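In: Here's a sequence, model it:
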Amino acid sequence: MRRHLKRRNVVLAVLLFVGGLYFSHRSDVLMAGPTRSPEPIPNDLTWQAERLVSKESWVEQGDYVPLNVSYQLLAGAPSTQQRFLSVGLSSVKRKKGSYLVPTLHSLFSQSSPEERSSMVVVVLLADFDVSWRVATVVEIKTAFASELEQGQLVVLHIPQEWYPPVTGLKRNYNDAPERVMFRSKQNLDYSFLIHYCAGLARYYLQLEDDVSSAKNFFTTIKRRVEEQEAAKTTWATLEFSALGYIGKLYKSPQLPLLARFLFLFYQEMPCDWLMSHFRELMTQKKTILFKPSLFQHMGTFSSFQGIYNKLKDKDFEEGVYANCPAEVYSDMSTYQKHVPRLAWDAGEGFFWGRSPEKGNHLTVVFKEPTVVSGVFVETGSGGKDLLESAEVQLGRDVVTAEKEKSCREFQSVGTIANGKFEMQELDRKFSSASSCLRVQVTGAQKDWVIIQKIRISTKTSTSPRQV
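Out: Numbers count the residues shown, from 1 in each chain. Now for the predicted structure:
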């Protein structure tokens, strides 16, 4: 482990050191605005390099070469107290429509007052069109006056003179010059944004300006972080969406390093590719991706030349369903650790049972009686292990028999078709509170069965509860 850490620190130290020298010596060439005086170079270069390499905690202690950049504060002001989570997103003028305000609406509306008080959203308006920036700031101030006042939203801009060249760059992967310019400028935008957010919160979440959020995403992220800490997992990036540079979480002490990394290699490749290289350099070999995804790409047209973009995260749960605390039982033979409860809990787990017989069941017993207004059941994986014949039922009057709980009486809600079941407005027919939900097999099958998820919504709450 120490060998890996030492090797990682050597590589990163050299990158930072060389990058610092490069940008110090070449500031007159790289800056697109007025000429600047070079940054001072350490007198003893050998001592400087050894100091960076020998101190294992130098990243966490902030011993890094800072970026030379100046920010314009357009709206809001960050709190003087460090919060749990900072959320960063960069936005530019689009040829077709804008998703920035709906994205911000989603972030704040899907968070409780307590969650918002522990979070700050930082928006970088990274377009050099002054009229667009002015109009966008006016729109944000009108829609989010309260969030701006409470330090929950900050809007920034960086003048063009602080950017290195974004034209005439080398065409890696044979990309068109326009594409190279767009992705290189985006890397710089993210670098400057991340650098600003370094001290605002304990953790940093990278988003794009055209996403929708799951309900209470903040609480889910916090719970996942606590799980990693309890397990003493070494991680550099936690991922809450499989798409691009959406839903990627970092520890704030490492943000200056990430900002410098994106800045050094801004013209080499797209930001999501650089992100993967950064994770590996930080000795996290495997992706840590949580499901269901907490963020969904909602933009129809890309910020790059208005190109049509149909990219969607198949593992995103929009937040229609709200599973309540419950106990889960089944008399189907369980395969390995794919226990019945995994079909009820949010996450990437699922129930996997061996060939079910007629009369087998999976029963959810609510902690408290609940008026169920919607039910969604999904079975199978990749077209296999579907539940072929089953009925979905609601029950009342909890009873205990042989260490398992169930309900004394059940009423049928409907039948599963093609491995799925979904029904809304159930409270119109079943207006009284239910204590159980049961999926009962009505016909034997040779194939095994996977129950991916069971989700419910209630009459009093249609928001998802992450459990």
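In: Give me the residue ranges of the protein where confidence is low.
Out: 1-66, 299-322, 347-348, 460-467 (pLDDT under 70).
In: Please parse it into its domains.
Out: Using automatic domain parsing, the domains assigned to the chain come out as 1-59, 66-297, 326-458.
In: buried residues in stretch 204-216?
Out: Neighbour-count burial for stretch 204-216, with 16 or more other CB atoms under 10 Å as criterion, is recorded at 204-216. Every C-beta, even on glycine, is put in place using the N, C-alpha and C of the backbone.
In: Then stretch 230-246?
Out: Applying 16+ other CB under 10 Å to stretch 230-246 flags 235-246 as buried.
In: Stretch 370-387 now?
Out: 370, 372-380, 385-387.
In: Return the subset of those residues lying in strands.
Out: 370, 372-379 (DSSP state E).
In: now the helices for the stretch 1-150 of the chain?
Out: Assigned by DSSP state H, counting those that start in this stretch, the stretch 1-150 of the chain shows helices spanning 2-25, 27-30, 45-54, 100-109, 113-117, 130-143, 145-149.
In: just the buried residues of stretch 370-387 now: which is nearest A326?
Out: T370 (9.0 Å; CB to CB).
In: Export the buried residues of stretch 204-216 as CSV, with columns for distance to T442.
Out: Formatted as CSV, the buried residues of stretch 204-216 follow (distance: CB to CB, whole Å):
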residue, distance to T442
Y204, 50
L205, 45
Q206, 47
L207, 44
E208, 45
D209, 48
D210, 44
V211, 41
S212, 37
S213, 38
A214, 33
K215, 34
N216, 36
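In: which SSE is S412 in?
Out: Taking DSSP states H and E as the definition, S412 sits inside strand 404-415.
In: could you say what helices and strands that strand packs with?
Out: On a contact count with 3 or more CB pairs under 8 Å, 6 or more residues apart in numbering; DSSP states H and E, strand 404-415 meets strand 326-330, strand 361-370, strand 390-401, strand 420-424, strand 434-441.
In: Of all the ones you listed, which one comes closest to E139?
Out: Nearest of those to E139, taken as CB to CB: strand 420-424 at 33.9 Å.
In: which parts of that closest one are buried?
Out: Neighbour-count burial for strand 420-424 [16+ other CB under 10 Å]: F421.
In: How far off centre is that strand?
Out: Averaging C-alpha positions (CA atoms, centre = their mean, to the nearest Å) puts strand 420-424 27 Å from its chain's average.
In: so what does it touch, helix or strand wise?
Out: Against strand 420-424 (3+ CB pairs under 8 Å, 6+ apart) you get strand 372-379, strand 404-415.
In: For the ones you listed, could you give me TSV that also reports distance to R133?
Out: Below are the helices and strands packed on strand 420-424 laid out as TSV (distance: least, CB to CB, whole Å):
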stretch	distance to R133
strand 372-379	42
strand 404-415	52
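In: Distance of the nearest residue to V69 once chain neighbours are set aside relative to H195?
Out: Closest residue in space to V69, ignoring its immediate chain neighbours: W162 at 4.9 Å, by CB to CB, 6 or more residues apart in numbering. Using CB to CB, to the nearest Å, we find W162 at a distance of 11 Å from H195.
In: shared neighbours, these two?
Out: Shared contacts of W162 and H195, defined by CB atoms under 8 Å, 6 or more residues apart in numbering, are found at V69.
In: can you give me the strands in the stretch 151-300 of the chain?
Out: 153-157, 201-206, 211-213, 238-239, 248-251, 295-297 (DSSP state E, counting those that start in this stretch).
In: could you dump the ones you listed to CSV with distance to H105?
Out: Shown next, in CSV, are the strands of the stretch 151-300 of the chain (distance: least, CB to CB, whole Å):
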stretch, distance to H105
strand 153-157, 11
strand 201-206, 17
strand 211-213, 9
strand 238-239, 24
strand 248-251, 22
strand 295-297, 14
